[in-house]
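Novice: Please find the sequence and the predicted model below.
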Amino acid sequence: MGVCNGLSEKKDDFPMRCFFLSSLKQRTQKGWLRFVLCMLCVGLLLFVEVGCGGEVTPTGPCRDCPERCVQSEDGSFRCVECLKNAHCHEPERPTRECTQAYRCQCGSDADCANGRKCSKSGACVECLRSADCTNPLQPICLDGYCLACEPNKERACAPENVVICAMGIQRCEAGTWGRCRDAKVCSAKESCREGACECIAPRVRCGSECVLLEASTTDCGGCGNACKTGEFCASGRCVRDCPPVTPERCGDVCVRLQSSEAHCGRCGNACEGGQYCADGVCRCPHGQQLCAGRCVWVETERSHCGACGKMCQDGQVCAAGRCVTSCPSKTPDVCYGGCFDTQNHPGHCGRCGDACAPGQVCLQGSCHCPQGQLFCQGKCVDVALHPEHCGACGKTCQDGQQCAAGQCVASCPSKTPDVCYGGCVSLQTHSQHCGKCGHVCKEQESCLAGVCRTSQTTCGVGRPCAGALLCVNGVCVPPECDAANPCPTGKECQSGRCVEKTPTCDVANPCPTGQTCVAGECVVQGGCQSRADCVSGQVCQGGRCRACVDDGECRSDERCLSGACRLAKATGETCLQDVECQVGLSCIADLTRKKACWKPCDPIKSSTGCIAPLVCGLSQDKRNGGCMPQRSGGLSAGASCQPGLSQCRTELLCTDLGKGLGNRCYQLCDERALTCAGGASCLSVNHHPVGVCEIKSAKKGVGESCTAQSQCQSGLYCAGTPGSAKCVQPCDPLQSVCQAPEVCDIIVDYGNKVFQASFCGPLISGLSEGAKCTYTSSTSNCNTDLFCFPDLQQPPYGICARVCEPGGAPCPGGKVCILSPITKNGKYIYGCI
């Protein structure tokens, strides 16, 4: 122990320390001597406090102490930090105190930096109570530290990414929440949505497996739909030979190895974890990265934030590849620990977990196929060249035909001379078949002369186009002409563009009246004053006639096309592309696929901007629209309709809600904007980018319970056993309108040999076609889409048969369409026997 050990109640009373040390402990001769020396120190106000173990002197045993020195009772010396409080004071730490152990400690929070607190022990700590912890990730104060949790506590943990699904348990270890344990983990073919593992599109669940219906012999086109011996599954259909669109065979399926997710590049090489197949290689969609066998959005994935394996801390979310405590305004929606804008993100479109199908984009919270493509059989299809969806979904070209510009043709036209998988393309310019069939250009690339090149799409002042591309109306386009590609008669090539040829002149070819020949060119005498002085299509600028550069140099009813001002098409005139229409109009295809120039509008808004009598008619993409005239005789909302026939009013959509229900005319709506009138609900529609307004009716619709025919809406039939009967959609077994997995079920009164009804309903399995069957007065043991063709010689036996008609589709398996003893509306029906 040092000589001056601070026993005095007044710590700064240094002489009293010496007094108590000498008088209370041991009043030896040495002690009295020290006391006297201390008194001399005080009296003489010396700087060196001799005998109190005080200041460092330049000589003696204290010469190596950096601050101060005290002498112990045994006569030894030791270095110390302080002898009194004043020794501890500094400008940034004004209230520090000197302890009995001659060490400085904090006296108040003012002595602690960075918002730390002064504890009772004199140490600057992170917190004294939980209220001092301002970091939301570490809200608990324990032993002076801010922690995320109290050790050994447990809590339920919610899904934080598309792999961990459903609730689990987290345990606090060393003040930090551990991993989510005992939570369900989705497979590489699944992703998590609302606590359940769902198959990643285009796979669907059949039993416990995620299946590609387009390439499965056991589930071809639908769960349980197995192809027969000798048949192959091609694009979801059982066929005898592989069609041009899927020419390669892998086992019993027909695929396109360049793009098949089940057989990518080679048979058996399946793309999983959200990858798609392009050029025979499994790739992650644009903006995603393969992490641990799964495509993830590293910009927003909490477990791989910014890079694979980089996990955010508990309580943090991932935004733009960085772990943050809250989402920024540009991406305000939190989905599975990531920050998104659900109005435009394809992984969470409209709401968390609603992912767009492959090839679709998310616009205003709805999934859309790119312009020129339609959503057919669960994917976006280019109907301009797909032989099984040529011009429209389900429109199949015959054998020997190809699809060109949406039409089935016997041979490809000169503009698209190359055949790729049954479609006509130009290998020189097509981005999906660039240089060779199936070679797909990456995003931001275009196909130029059969080579994928990085494309710059926009241009302007200070932003020139790359390479040989030209800036036309703010867009980079390939040159129209060069030495190898001359312009047509009457035009000449100027800077890569074909423009009207300026009249040349000489002695043999004089200029028109009012013009003179200057340096081989006809110019207006004295310079042009207006466009009237120039050749048709040219503009007058600076007294000289020249070709136009952009639309602004032309009249409001004109567009600058190939260097000449040309009269643009007005509202309602047919067109092929936007550039043909007047400024402010777009070339929009209506539901009949007829393209015309219309003012764009939003069909789901109450105020569409259309001026009467025009209304906001639907376009092919079912999301955008154009101000069009009302369809004459169009059906009103709620009326029954047939899809594809354009029977509804221009602004209405004919749909069955995607659920196999009866087709009716519906008003479009937005589930978030509540645009339906009269308080009606906005119903979602499968495979459509918008919803439709609920139709309130006293009568019951398809699928609703009924006890009598009169309770069902017009055109529906009340069918089923008492207590479970429902309103169903009638169908014709010869031309079924039922949507898979429903079939056209048949009801026959075998007692009276009368065909009673047929309606869309689930297939109730029984005996298959051609099997020997039995019947009662009202039922048979055949599949419900077949009837028991009675054997009048051996009742109640017969043969399970499908309905047919003479001259119609041939019966399968060599069967013959013959007359049955069953009547329908007074006429006998036929069956395949």
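Specialist: Sure thing, it's come through.
Novice: Quick one: residues contacting the residue lying closest to residue 327 once chain neighbours are set aside.
Specialist: Of all residues not flanking residue 327 in the chain, residue 339 sits nearest, at 3.7 Å (Cβ to Cβ, 6 or more residues apart in numbering). C-beta coordinates here come from the backbone N, C-alpha and C atoms, glycine included. Contact analysis of residue 339 by Cβ atoms under 8 Å, 6 or more residues apart in numbering lists 300, 317-320, 324, 327-328, 331-333.
Novice: likewise residue 416?
Specialist: Going by Cβ under 8 Å, 6+ apart, the list of residues near residue 416 reads 385, 404-405, 424-426, 430.
Novice: got the contact list for stretch 634-641?
Specialist: 647-650, 652, 654, 662-667, 693, 695, 697, 713-715.
Novice: again with stretch 309-317
Specialist: With Cβ under 8 Å, 6+ apart as the test, stretch 309-317 has contacts from 136-137, 148, 176-177, 291-292, 302-305, 318, 323-327, 334, 337-339.
Novice: And these, which of them are buried?
Specialist: Burial by neighbour count, 16 or more other Cβ atoms under 10 Å: within those this picks out 137, 148, 177, 291, 302-305, 318, 323, 327, 334, 337-339.
Novice: Show only the entries of the residues you listed found in strands.
Specialist: 177, 291, 318, 323, 334, 338-339 (DSSP state E).
Novice: Select, from those residues, the two members most distant in space.
Specialist: Distance extremes for those: the farthest pair is 177 and 291 at 21.9 Å, using Cβ to Cβ.
Novice: partner strands of the helix or strand containing residue 367, parallel or antiparallel?
Specialist: Element membership of residue 367, judged by DSSP states H and E, is strand 366-368. Strand 366-368 pairs in its sheet with strand 361-363 (antiparallel), by DSSP bridges.
Novice: Quick one: residues contacting residue 582.
Specialist: Taking Cβ under 8 Å, 6+ apart as the test, what residue 582 contacts is 556-557, 559, 568-571, 597.
Novice: tell me which of those residues is nearest to residue 498?
Specialist: Using Cβ to Cβ, residue 559 comes nearest to residue 498 of these, at 15.5 Å.
Novice: Please report phi then psi for that closest one.
Specialist: Main-chain torsions, residue 559, degrees, to the nearest 10: phi -130, psi 150.
Novice: residues touching the closest residue to it other than its chain neighbours, list them.
Specialist: Counting by Cβ to Cβ, 6+ apart, residue 568 is the residue found nearest to residue 559 once chain neighbours are left out, at 4.3 Å. Contacts for residue 568 (Cβ under 8 Å, 6+ apart) come out as 557-559, 580-583.
Novice: So the residue nearest to residue 331 when sequence neighbours are not counted versus residue 319, what's the distance?
Specialist: Among residues not flanking residue 331 along the chain, residue 339 sits closest, at 4.1 Å (Cβ to Cβ, 6+ apart). Remark: distance between residue 339 and residue 319 (Cβ to Cβ, to the nearest Å) = 4 Å.
Novice: what do these two both touch?
Specialist: The contact lists of residue 339 and residue 319 share 300, 327-328, 331, where a contact means Cβ under 8 Å, 6+ apart.
Novice: Among these, which pair sits farthest apart?
Specialist: Checking the shared contacts of residue 339 and residue 319 with Cβ to Cβ, the most distant pair is 300 and 328, at 11.6 Å.
Novice: shared neighbours, those two?
Specialist: Residues touching both residue 300 and residue 328 (Cβ under 8 Å, 6+ apart) are 319-320, 339.
Novice: Residue 277: which of those is nearest?
Specialist: residue 320 (29.2 Å).
Novice: hang on, the closest one packs against residue 301?
Specialist: No: between residue 320 and residue 301 there is no contact under Cβ atoms under 8 Å: 11.8 Å.
Novice: Those two: which is more packed in?
Specialist: Neighbours per residue (other Cβ atoms under 10 Å) separate residue 320 from residue 301, with residue 301 holding more: 30 against 13.
Novice: Report pLDDT for the more buried one.
Specialist: Note on residue 301: pLDDT of 87.
Novice: got the contact list for it?
Specialist: Residue 301 makes contacts with 161, 291, 318, 337-338, as judged by Cβ under 8 Å, 6+ apart.
Novice: Pick out whichever of the shared contacts of residue 300 and residue 328 sits closest to residue 480.
Specialist: For these, the nearest to residue 480 is residue 320 (41.1 Å; Cβ to Cβ).
Novice: how near is that closest one to residue 206?
Specialist: For residue 320, the distance to residue 206 - Cβ to Cβ - is 38 Å.
Novice: Measure how buried residue 231 is and give me the count.
Specialist: Other residues close to residue 231 by other Cβ under 10 Å number 16.
Novice: what's the answer for residue 285, then?
Specialist: Using other Cβ under 10 Å, residue 285 has 16 other residues around it.
Novice: swap in the one 5 residues further on?
Specialist: The number of residues packed around residue 290, counting by other Cβ under 10 Å, is 16.
Novice: Outline the domain layout of this protein.
Specialist: 14-105, 132-200, 470-567, 578-693, 729-832 (automatic domain parsing).
Novice: Quick one: distance of the last one to the chain centre.
Specialist: Between the centre of domain 729-832 and the centre of its host chain there is 45 Å, according to Cα atoms, centre = their mean, to the nearest Å.
Novice: how long is that domain end to end?
Specialist: Chord length of domain 729-832, first to last residue, is 25 Å (Cα to Cα, to the nearest Å).
Novice: Kindly report the same for the shortest one.
Specialist: End-to-end distance for domain 132-200: 46 Å, by Cα to Cα.
Novice: gap between it and the chain center?
Specialist: Its chain's C-alpha centre and that of domain 132-200 lie 26 Å apart, by Cα atoms, centre = their mean.
Novice: next one: stretch 713-722
Specialist: Worked out by Cα atoms, centre = their mean, stretch 713-722 lies 40 Å from the chain centre.
Novice: Sort out which residues of it are buried, please.
Specialist: Applying 16+ other Cβ under 10 Å to stretch 713-722 flags 713, 716-720 as buried.
Novice: out of those residues, which are inside strands?
Specialist: Reading strands off the buried residues of stretch 713-722 with DSSP E, I get 717-719.
Novice: Can you tell me which of the residues you listed is nearest residue 190?
Specialist: Residue 190 has its nearest neighbour among these in residue 719, at 36.8 Å by Cβ to Cβ.
Novice: for that closest one, what are its contacts?
Specialist: Residues in contact with residue 719, defined by Cβ under 8 Å, 6+ apart, are 725-726, 728, 745, 747, 757, 759, 761.
Novice: Including neighbour count, could those residues go into JSON lines?
Specialist: Converted to JSON lines, the contacts of residue 719 look like this (neighbours: other Cβ atoms under 10 Å):
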{"residue": "725", "neighbour count": "18"}
{"residue": "726", "neighbour count": "19"}
{"residue": "728", "neighbour count": "27"}
{"residue": "745", "neighbour count": "22"}
{"residue": "747", "neighbour count": "16"}
{"residue": "757", "neighbour count": "16"}
{"residue": "759", "neighbour count": "23"}
{"residue": "761", "neighbour count": "21"}
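Novice: This completes my enquiry, with thanks.
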